[in-house]
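Chemist: Coordinates for the following, if possible.
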Amino acid sequence: MNQGAWWFGLSILLITGLILLCLHQPRIAEMFHQHVRDRPRRRLFLATVGFFLTLGLARAMAYAAGHNIGPFHYIYIRGTHVHHLVWGILLLLVVGFCWLIEVGTGTKVSSLFASRLMSLLYGVGAALTLDEFALWLNLEDKVYWTREGRASLEAILIFAAALLIGIWGRGFLKALGRELFRPRRKKAETDP
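Modeler: Reported below is the predicted structural model:
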């Protein structure tokens, strides 16, 4: 692998490590648990943080590689340009496998560190994959910078909205679902 791959991987590891280190600090951990009260929301929040930080990093590094800025270059393995969606797919497969074998699932018996790590890595993998969504169906390098490349932006916005709705609207949506789908009383019971 070339130098760009190492910079990219190191950057992802560094960001993930710094977030986990911050959450390990007692005061920050206390504030995190106080303001994001339930476990699913904490996991959604961490996935969202991983998603947005990685998206920014991936865009910045892709821009730098495309303009020959600094040590950043596209990743080639045996002459084949390996897009960062490949790394995102691999990461999502690893996280999915870990969840299948119940590593970091967020349950009370699961390790808090593993739960946080898997949540962050899920967001990282989703960002890397969705950032190049336009390439999923149009397998050309050039499509990313064309009108067809807009599909990537749309996919990112839809997924980001789903993450944010999950964080802030989850309680309301669950209550709304219970209200809309609860068994209706028979009309005869309510009529005089």
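
Chemist: alpha carbons only for contacts and neighbour counts from here, please
Modeler: Will do.

Chemist: Now the helix or strand hosting residue 158: average pLDDT?
Modeler: Secondary structure assignment for residue 158, by DSSP states H and E: helix 150-168. Taken as a whole, helix 150-168 carries a mean pLDDT of 75.

Chemist: what's that helix in contact with?
Modeler: Residues external to helix 150-168 that are found in contact with it (C-alpha atoms under 8 Å, 6 or more residues apart in numbering): 41, 44-45, 47-48, 127, 130-134, 144.

Chemist: How about the backbone phi and psi for residue 101?
Modeler: The phi and psi values for residue 101, taken as degrees, to the nearest 10, are phi -90, psi 20.

Chemist: re the thing from before, out of the contacts of helix 150-168, flag the one nearest to residue 87.
Modeler: Taking C-alpha to C-alpha as the measure, residue 87 sits nearest to residue 127 out of these, at 10.3 Å.

Chemist: which residues does residue 80 bridge with?
Modeler: Beta-bridge pairing of residue 80 under DSSP bridges involves residue 77.

Chemist: Look up how far residue 74 lies from it.
Modeler: Distance, residue 80 to residue 74, by C-alpha to C-alpha, to the nearest Å: 10 Å.

Chemist: Neighbour count: these two, which is higher?
Modeler: residue 74 (18 against 8; other C-alpha atoms under 10 Å).

Chemist: pLDDT wise, what is the residue nearest to that one when sequence neighbours are not counted at?
Modeler: Of all residues not flanking residue 74 in the chain, residue 65 sits nearest, at 5.7 Å (C-alpha to C-alpha, 6 or more residues apart in numbering). pLDDT, residue 65: 78.

Chemist: shaky segments in the protein?
Modeler: Under the criterion pLDDT under 70, the flagged ranges of the chain are 1-5, 137-152, 168-177, 179-180, 183-192.

Chemist: that older thread, so what does the helix or strand hosting the residue nearest to residue 74 touch, helix or strand wise?
Modeler: Using DSSP H and E, residue 65 sits within helix 39-66. Of the remaining helices and strands, those touching helix 39-66 by 3 or more C-alpha pairs under 8 Å, 6 or more residues apart in numbering; DSSP states H and E are helix 3-24, helix 112-130, helix 150-168.

Chemist: Pull out the buried positions in it.
Modeler: Using 16 or more other C-alpha atoms under 10 Å as the burial criterion, the residues of helix 39-66 that qualify are 40-55, 57-58, 61-62, 64-65.
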